[in-house]
Every structure is written in structure tokens, then in C-alpha cells.
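S.K.: task: produce atomic coordinates for the following.
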Amino acid sequence: MSMFVEDLKVVIGAAKGGNGNLKLPFRISETTGKKDIDILALSPRSHNSLRRHHIDTIGQIMERFDNLSSLRNVGAVSVKEIRRKTAEFLYESMSVNNRKAFWREFITLNNIEGLSAR
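M.R.: Prediction:
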């Protein structure tokens with residue numbers, strides 16, 4: 001299990017509320033945005049689905065992150081995998097200080113009760 005998934009479970013587990021539709025406050029650099037989707041090691045189905053829609057970079061995934069399910073012939077399982085692996089890659093690429101800032105913003109953005117956004 002990735003560090004991102006472990007940290008996310010801790011945060012959600014400690015929360016007493018939340019709106020159910022989690023927003024992830026990722027900001028990516030131009031360099032990261034240009035990285036090829038091959039770096040995500042997606043299943044062939046997910047990988048080919050993105051390529052078919054001319055989505056070739058991390059930046060292009062992030063532009064469509066909330067609307068991946070609207071892509072033709074991209075199923076729920078592929079959408080879940082693409083989102084999870086993209087989020088894991090971006091999180092693992094962050095410095096420790098940026099991870100702390102990420103969680104503060106995540107807690108605020110998602111109105112999670114029971115945790116302080118310190």
C-alpha cells in the first residue's frame with residue numbers, strides 16, 4: 001500500500017464528517033505536468049483508454065481529473081485506477097513540507113470535522 005493511501009486512511013479515519021466527495025488539492029509543476037503517463041504503470045486497459053483520448057501526460061490527466069468518467073468507453077474501474085495512481089504519484093513526488101501543506105488544505109477543502117487544519 002502506498003504512503004498516500006495509508007495517510008488518506010488515517011485522515012479519513014480520524015475525521016467525524018466530510019462531504020463524501022473528496023477534493024484533492026494537487027498543484028503540479030510544469031515539469032511534472034509534462035511527464036508521460038507511462039510513469040504511472042497503469043493496466044493496459046486504462047493506459048490504452050487514455051491514449052485513445054490523446055491524454056499522454058500527467059498534466060492532461062489533471063486537466064480532466066474530475067471528468068475522466070465522461071470519457072467514452074472509460075469504465076469506473078479504469079477511472080478509479082487512473083485517479084488513484086495519479087494521486088499516489090503526485091503525493092510520493094512531494095517534499096515532506098509540501099505534504100503537510102497538502103493535508104492542511106485537504107482538510108479545509110473537504111470540510112472534514114474533527115481534525116485541525118494546523
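S.K.: what is the three-state secondary structure of M94?
M.R.: For M94, the assignment made with DSSP: H, G, I helix; E, B strand; the rest coil gives coil.
S.K.: which of the three states applies to the residue nearest the centre of the chain?
M.R.: Among the residues of the chain, the one closest to the centroid is A87, at 2.7 Å (Cα atoms, centre = their mean). Following three-state DSSP, the label given to A87 is helix.
S.K.: who are the contact partners of it?
M.R.: By Cβ atoms under 8 Å, 6 or more residues apart in numbering, the residues touching A87 are 4, 24, 26. Where you see a C-beta, it was placed from the backbone N, CA and C, and this is true even at glycine.
S.K.: so R83 sits in a strand?
M.R.: No - counting by three-state DSSP, R83 is not part of a strand but helix.
S.K.: measure it to K100 for me?
M.R.: 22 Å (Cβ to Cβ, to the nearest Å).
S.K.: quick one: which of those two has more around it?
M.R.: Neighbour totals were compared for R83 and K100, and R83 leads with 16 against 12 (other Cβ atoms under 10 Å).
S.K.: and the pLDDT at the residue nearest to the centre of the chain?
M.R.: You'll see A87 listed with a pLDDT of 89.
S.K.: how far away is it from G75?
M.R.: Per Cβ to Cβ, A87 is found 19 Å from G75.
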